[in-house]
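S.K.: Prediction below, plus the sequence it came from.
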Amino acid sequence: MQTTATTSLNRIRIGSVSYLNARPLIYGLAERGVEGGNVELALDVPSKLINGLRDDRFDVALLPVIDYQHLQGLRVIPAGGIGCDGATLTVRVFSQTPIDRITSLACDPDSHTSVALAKIILQRRYKIQPEFISLSAASNREGEARLLIGDKVVCEEPAGFEHQLDLGAAWKELTGLPFVFAVWVARQEVALGDLPARLEQCKRAGLANVNELIRKFAIPRGWPAGLALQYLTVYLKYDIGERQLEAMRTFHAMAAECGIIPSPARALVLA
């Protein structure tokens, strides 16, 4: 259903993350007009994008999937997202003890989705419910593990952690489904016009120019070029189809069952 735009002069304000994994989705986005107007692109950490939508600073955001459940009046734009179909490489639990002996997990606070996924995996697969603490409070005491996401997993991998768990691989083993960490969403009242098609074009252009992205955004951050290429073209999946939507619904349902979000989970509304 067409809704009334709240932005002036057809300007659509978009929030995204600055991580390497989002770069194919936002390739050239700020330079592309939308219905004769402009796109205003802002970059932030994943956990702050929901505030941008809530505070009317963003009309559209590359939102962590769990945060869809934390704000009413959102629509999913199935033009792209950040996902995997197995191992992720950059969303991993690092532990000095076997995973089933973890007593506390120090979490990177930047991703609400990864924290929720860790709770589900540890509870359902390993039958444990460790204490979740901030990464800044990590002390390396016995039984304490770390959940790290993003570029720092590759460029700042902690030493001395013999046991590791890739949450994307664990989800695949648990459900048989792909996983989606973040997806484009819009506030209900925003008239999107041809933005979904524009986002799809940006995604295709970004994947077609992945070597340029690696030179600009991966190598300067310490990524080996070959690993960055494998990450962007093999590990990560950017399309949102029926299996990805099913995975999102399954994730929300499990999060509700585990007490992470209210039950029942809110249904997905597509733009």
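M.R.: Yes, it's here.
S.K.: rest of the way, CA atoms for contacts and neighbours
M.R.: Will do.
S.K.: The longest strand that the chain contains - contacts with which helices or strands?
M.R.: Ranked by residue count, the top strand of the chain under DSSP state E comes out as strand 74-84. Packing contacts for strand 74-84, counted by 3 or more CA pairs under 8 Å, 6 or more residues apart in numbering; DSSP states H and E, involve strand 179-187, helix 195-208, strand 236-237.
S.K.: hey, C-alpha coordinates of that strand in PDB?
M.R.: In PDB, the C-alpha atoms belonging to strand 74-84 read as follows (Å, rounded to 0.1, in the frame of the first residue of the first chain):
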ATOM      1  CA  LEU A  74       8.500  -1.200  10.100                       C
ATOM      2  CA  ARG A  75       8.500  -2.900   6.700                       C
ATOM      3  CA  VAL A  76      11.100  -5.200   5.300                       C
ATOM      4  CA  ILE A  77      12.500  -4.200   1.900                       C
ATOM      5  CA  PRO A  78      13.600  -7.500   0.400                       C
ATOM      6  CA  ALA A  79      16.200  -5.800  -1.900                       C
ATOM      7  CA  GLY A  80      19.200  -7.000   0.100                       C
ATOM      8  CA  GLY A  81      20.600  -7.900   3.400                       C
ATOM      9  CA  ILE A  82      23.700  -9.300   5.100                       C
ATOM     10  CA  GLY A  83      23.500 -13.000   5.500                       C
ATOM     11  CA  CYS A  84      25.200 -16.400   5.200                       C
END
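S.K.: and the angle for it with strand 179-187?
M.R.: 150 degrees (axes from the mean of the first three to the mean of the last three CA atoms, to 10 degrees).
S.K.: avg pLDDT for the following helix or strand past strand 74-84?
M.R.: Under the assignment DSSP states H and E, the closest C-terminal helix or strand after strand 74-84 is strand 91-95. Per-residue pLDDT values across strand 91-95 average out to 95.
S.K.: Report the buried residues of strand 91-95.
M.R.: 91-95 (16 or more other CA atoms under 10 Å).
S.K.: Which other helices and strands does the worst-scoring helix or strand of the chain on mean pLDDT contact?
M.R.: Using mean pLDDT, DSSP states H and E, helix 151-155 stands out as the lowest-scoring helix or strand of the chain, at a mean of 80. Contacting helix 151-155 under the criterion 3+ CA pairs under 8 Å, 6+ apart is no other helix or strand.
S.K.: what's the burial count for residue 100?
M.R.: 15 (other CA atoms under 10 Å).
S.K.: swap in residue 55?
M.R.: With other CA under 10 Å as criterion, residue 55 counts 10.
S.K.: Kindly report the same for residue 76.
M.R.: By other CA under 10 Å, neighbour count at residue 76 equals 24.
S.K.: domain parsing for the chain?
M.R.: 8-83+180-245, 91-175 (automatic domain parsing).
S.K.: May I see the buried residues of strand 91-95 arranged in JSON lines, with distance to residue 138 as well?
M.R.: Shown next, in JSON lines, are the buried residues of strand 91-95 (distance: CA to CA, whole Å):
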{"residue": "91", "distance to residue 138": "18"}
{"residue": "92", "distance to residue 138": "16"}
{"residue": "93", "distance to residue 138": "13"}
{"residue": "94", "distance to residue 138": "12"}
{"residue": "95", "distance to residue 138": "12"}
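S.K.: which one of those is nearest residue 122?
M.R.: residue 93 (10.4 Å; CA to CA).
S.K.: Leaving out sequence neighbours, find the closest residue to that closest one.
M.R.: residue 147 (4.5 Å; CA to CA, 6 or more residues apart in numbering).
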